[in-house]
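Undergrad: structure here, sequence nowhere to be found:
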């Protein structure tokens with residue numbers, strides 16, 4: 001599906017990501033984890049073709065730089081971090097923006113499946129009954145679901161998510177990750193997600209890429225990556241002991 005080989009991103013004299021390599025197959029959920037400044041979002045931006053990089057990123061053996069934007073968008077859906085929203089659009093209008101890559105011509109027509117895909121995405125995210133609401137009237141969790149519906153309606157094979165549960169309360173975090181898991185369960189799909197919460201990475205991730213200061217600490221099966229030793233190397237603390245200590249507070 002998607003393969004990254006020795007991907008390096010530099011900003012002037014600073015190397016933000018150095019020689020990152022991993023390969024994503026259908027059914028996999030890759031978690032990009034590591035402390036602040038590890039290069040997670042920068043790597044996502046490279047996968048999204050938003051920053052220049054050296055090395056190679058391939059979609060089924062074709063370098064992603066060679067794709068037209070609309071063609072790449074049919075394969076890869078990207079949900080970036082969402083901070084202040086000022087849109088005056090309705091929920092349905094925002095979700096429908098995900099169909100842009102499937103339309104053609106000056107007036108962006110010719111998307112026979114568009115209406116069906118948008119409705120399916122809104123129903124999947126529990127937003128169909130709210131489709132006429134203005135985005136600015138929604139809670140943070142509802143707003144995040146709208147943008148998730150937008151990338152669902154895009155109908156890509158791969159979702160790339162940068163902190164999809166950022167600033168969300170626990171019920172909304174569970175809801176978001178459950179929805180993504182439900183989407184992933186359909187054939188021929190995969191997910192790459194940046195997460196800070198290692199519990200979420202362990203709960204939902206099949207694979208993980210652990211970064212520190214732009215360098216790869218470990219990559220592969222999530223349980224083999226998120227070990228005590230690897231996390232100690234990345235975070236400079238015994239993460240396992242800390243997590244177990246926190247869990248013990250709920251033992252009663």
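TA: Arrived safely, thanks for sending. Fair warning: this is a prediction, and the values are worked out from it, not measured in the lab.

Undergrad: okay, helices next: where are they in the stretch 1-150 of the chain?
TA: 40-47, 69-75, 91-96, 114-124, 140-154 (DSSP state H, counting those that start in this stretch).

Undergrad: now these as CSV including mean pLDDT, mean neighbour count and distance to residue 202?
TA: (Each C-beta comes from the backbone N, C-alpha and C, glycine too.) Below are those laid out as CSV (pLDDT from 0 to 100; neighbours: other Cβ atoms under 10 Å; distance: least, Cβ to Cβ, whole Å):
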stretch, mean pLDDT, mean neighbour count, distance to residue 202
helix 40-47, 95, 24, 16
helix 69-75, 89, 15, 28
helix 91-96, 89, 23, 31
helix 114-124, 87, 18, 25
helix 140-154, 86, 23, 22
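
Undergrad: I'd like those written out as JSON lines, with distance to residue 162 added.
TA: Output for the helices of the stretch 1-150 of the chain, formatted as JSON lines (distance: least, Cβ to Cβ, whole Å):
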{"stretch": "helix 40-47", "distance to residue 162": "5"}
{"stretch": "helix 69-75", "distance to residue 162": "16"}
{"stretch": "helix 91-96", "distance to residue 162": "18"}
{"stretch": "helix 114-124", "distance to residue 162": "19"}
{"stretch": "helix 140-154", "distance to residue 162": "11"}
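
Undergrad: what about these, which gets the closest to residue 20?
TA: With Cβ to Cβ, the closest approach to residue 20 among those belongs to helix 40-47: 5.7 Å.

Undergrad: what does the closest one rub up against?
TA: 2, 4, 7, 9, 16-17, 20, 32-34, 51, 53, 57, 64, 76, 78, 80-81, 160, 162, 192, 194, 209, 211, 214 (Cβ atoms under 8 Å, 6 or more residues apart in numbering).
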